[in-house]
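Peer 1: Kindly generate the corresponding structure for this input.
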Amino acid sequence: MAGLLRPFGRAVTYTRLLHLFVAVVWPAVLQFVTDAWWIWAVAAAALVPAGLVPAMRTVEGLQARLLLTGHPSDRDGDGGGDGIVVAPSSTWEDRGRLVLWLEARLLLGCATSLLVAQLLYAVVDLVVAAAGDRPGGGAVGLLGPPQAWHIAFVPVLLAALATAVRGSGTLVTALAVRLLGPSPAERLAALEERTEQLLERTRIARELHDSIGHALTVAVLQAGAARAADDPAFTRRALDAIEETGRAALEDLERVLGVLRESGKPAGSRPTLTDADRLLESARASGAEVDADLTGPLEGVPGPVSREGYRILQESLTNVLRHAGPVPARVRVSVEGATLRLDVRNPLPADPPDPARGSGLRGIRERAALLGGRASAGPVGDDWQVHVELPVR
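Peer 2: Below you'll find the predicted structure:
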């Protein structure tokens, strides 16, 4: 019983009824003044050109959100909070749905107003009849002469009234979601925008993982090596390497945070393969013996490919230091024709990483796939190899 009565304790139940009454106020006033029923036909016809005005969709959408859902703002930020949009009509399909909405709202408002008025009139008649006075007529007149037992029909009529109020509100809200909701084109645009946001989040997560992960790996290795060496000169060199790597990581962090603060900020400040020497020196300072061979016109590699190639190299060297420690590593980066090839090999560690797991290796594969290239990582003989091929055109 409480569940049936709960909707009548919510303001939106009554604002929905008000929404329907507003639709019929002006035709009802004209009909009362002129005593002409054809006013309703004129009202229905006048709604057609009104629905063709693009701004009318915004007006109806805001009104529907406020009175039908109780949420005037777009809480989801996707242009369709609660399934109702407030953007102006941009296509003839939008205009057609708006015209249909206006007509349906007028018809439903008229029917609801008449039904609610008749039910209220009948309740009053029954109360009057039960009191022994002459009823006003209408539906109560079907019961015959006034009798005291007529009062028993009051709960039935009140239940019918409550059903009419709640049912009409639910129906008009469903119609609003259907006819004032986003069109297929708007849904597609919202989906594309959300997809772009998710891709940007993924890219930023990879950036932070590669940059900060590399810096922390170098810092941990350098600190451990300095403590083990117990050599003031070596400790100074280790601290210099930690400082340099930390500064680079802070620059990357500031750049990524700048992208988050300013969505339109270009990515041109991100490091490219022409800055690979910084990575190689950082790895050497951490104790790794890096044999590097960079050939081909790296400066001519397109910016997106060069930037992603830098991050792939960074993550590969980080994996060497993290899983194998300060071991000999061979780096080969070359531009051959329309392909950028990148190979990083190191002695196979005692506990090699699983190629199918780990966010670092997954990030390498994702970066390569986004550029139309391919990447592989795994044991090759006694070595662990990361091999990446990226198209440069």
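
Peer 1: Report the spatially nearest residue to T202, omitting neighbours in sequence.
Peer 2: Spatial nearest neighbour of T202, excluding adjacent residues (C-beta to C-beta, 6 or more residues apart in numbering): E366 at 7.5 Å. Placement of C-beta: from N, CA and C, glycine included.

Peer 1: Could I get the full set of helices for the stretch 251-393 of the chain?
Peer 2: Counting by DSSP state H, counting those that start in this stretch, the segments of the stretch 251-393 of the chain that form helices are 276-285, 303-319, 359-370.

Peer 1: actually the stretch 1-150 of the chain, not the one I typed
Peer 2: According to DSSP H, counting those that start in this stretch, the helices that the stretch 1-150 of the chain contains are 2-5, 11-34, 39-51, 54-64, 92-130.

Peer 1: Buried ones in the last one, by neighbour count?
Peer 2: Within helix 92-130, the residues that count as buried by 16 or more other C-beta atoms under 10 Å are 94-95, 97-99, 101-106, 108-110, 112-113, 115-116, 118-119, 121-126, 128-130.

Peer 1: C-terminal to it, what's the next element?
Peer 2: On the C-terminal side of helix 92-130, the closest following helix or strand by DSSP states H and E is helix 154-179.

Peer 1: tell me the angle of that following helix relative to helix 11-34?
Peer 2: Computed by axes from the mean of the first three to the mean of the last three C-alpha atoms, to 10 degrees, the angle separating helix 154-179 from helix 11-34 equals 90 degrees.

Peer 1: What residues of helix 154-179 count as buried?
Peer 2: Neighbour count says helix 154-179 has 157, 160-162, 164-166, 168-169, 172-173, 175-177, 179 buried, by 16+ other C-beta under 10 Å.

Peer 1: and of those, the nearest to A45?
Peer 2: A45 has its nearest neighbour among these in L179, at 18.9 Å by C-beta to C-beta.

Peer 1: Show the contacting residues for the closest one.
Peer 2: Residues near L179 by C-beta atoms under 8 Å, 6 or more residues apart in numbering: R97, L98, L100, W101, A104.

Peer 1: Which among the helices of the stretch 251-393 of the chain is found nearest to D382?
Peer 2: Between D382 and these, the tightest spacing by C-beta to C-beta is seen for helix 303-319, at 16.9 Å.

Peer 1: Just the angle for that closest one relative to helix 359-370, thanks.
Peer 2: With the same axes, to 10 degrees applied, the angle from helix 303-319 to helix 359-370 works out at 160 degrees.

Peer 1: elements contacting helix 303-319?
Peer 2: helix 184-229, helix 276-285, strand 328-336, strand 339-347, helix 359-370, strand 383-391 (3 or more C-beta pairs under 8 Å, 6 or more residues apart in numbering; DSSP states H and E).

Peer 1: quick one: which of these has the weakest pLDDT on average?
Peer 2: Of all the helices and strands packed on helix 303-319, the minimum mean pLDDT falls on helix 184-229 (a mean of 72).

Peer 1: Just give the number of residues close to L47.
Peer 2: Burial measure for L47: 20 neighbouring residues, criterion other C-beta atoms under 10 Å.

Peer 1: And S183, by the same measure?
Peer 2: Residues lying near S183 (other C-beta under 10 Å) number 16.

Peer 1: correct me, but it touches D94?
Peer 2: Yes. Counting by C-beta atoms under 8 Å, D94 is a contact partner of S183 at 5.7 Å.

Peer 1: which neighbours do those two share?
Peer 2: Shared contacts of S183 and D94 (C-beta under 8 Å, 6+ apart): none.

Peer 1: Can you give me the neighbour number for L52?
Peer 2: L52 has 14 neighbours, counted by other C-beta under 10 Å.

Peer 1: Now do the phi/psi pair for it.
Peer 2: phi -80, psi -10 (degrees, to the nearest 10).

Peer 1: so what's the spatially closest residue to it that is not a sequence neighbour scoring on pLDDT?
Peer 2: Spatially, and ignoring its direct neighbours in sequence, L52 is nearest to R95 (5.1 Å; C-beta to C-beta, 6+ apart). Per-residue confidence (pLDDT) for R95: 91.

Peer 1: what's near enough to touch the nearest residue to A375 once chain neighbours are set aside?
Peer 2: Of all residues not flanking A375 in the chain, A368 sits nearest, at 3.9 Å (C-beta to C-beta, 6+ apart). With contact taken as C-beta under 8 Å, 6+ apart, A368 is in contact with E308, I312, R374, A375, V388, E389, L390.

Peer 1: wait, the fourth one sits on G363?
Peer 2: No. Proximity of A375 to G363 does not meet the contact threshold set by C-beta under 8 Å, at 9.8 Å.

Peer 1: Residue nearest the middle of the protein, spatially speaking?
Peer 2: Centroid-nearest residue in the chain, with C-alpha atoms, centre = their mean: R194, separated by 4.6 Å.

Peer 1: how close does that one sit to E366?
Peer 2: 19 Å (C-beta to C-beta, to the nearest Å).

Peer 1: ok, now R95?
Peer 2: 43 Å.

Peer 1: now D343
Peer 2: As for D343, its distance to E366 is 19 Å (criterion: C-beta to C-beta).

Peer 1: Check E251 too.
Peer 2: 23 Å.

Peer 1: which of these two has more neighbours?
Peer 2: Just comparing E251 and E366: by other C-beta under 10 Å the higher neighbour count belongs to E366, 16 against 13.

Peer 1: E308 is in contact with the more buried one, correct?
Peer 2: No. Taking contacts as C-beta under 8 Å, E366 lies outside contact range of E308: 9.7 Å.

Peer 1: Low-confidence ranges, the stretch 51-200 of the chain, go.
Peer 2: Scanning the stretch 51-200 of the chain for pLDDT under 70 picks out the ranges 71-82, 129-150, 188-189, 191-193, 195-200.

Peer 1: how does it look with 50?
Peer 2: For the stretch 51-200 of the chain, the stretches with pLDDT under 50 are 74-81, 136.

Peer 1: All set, thanks.
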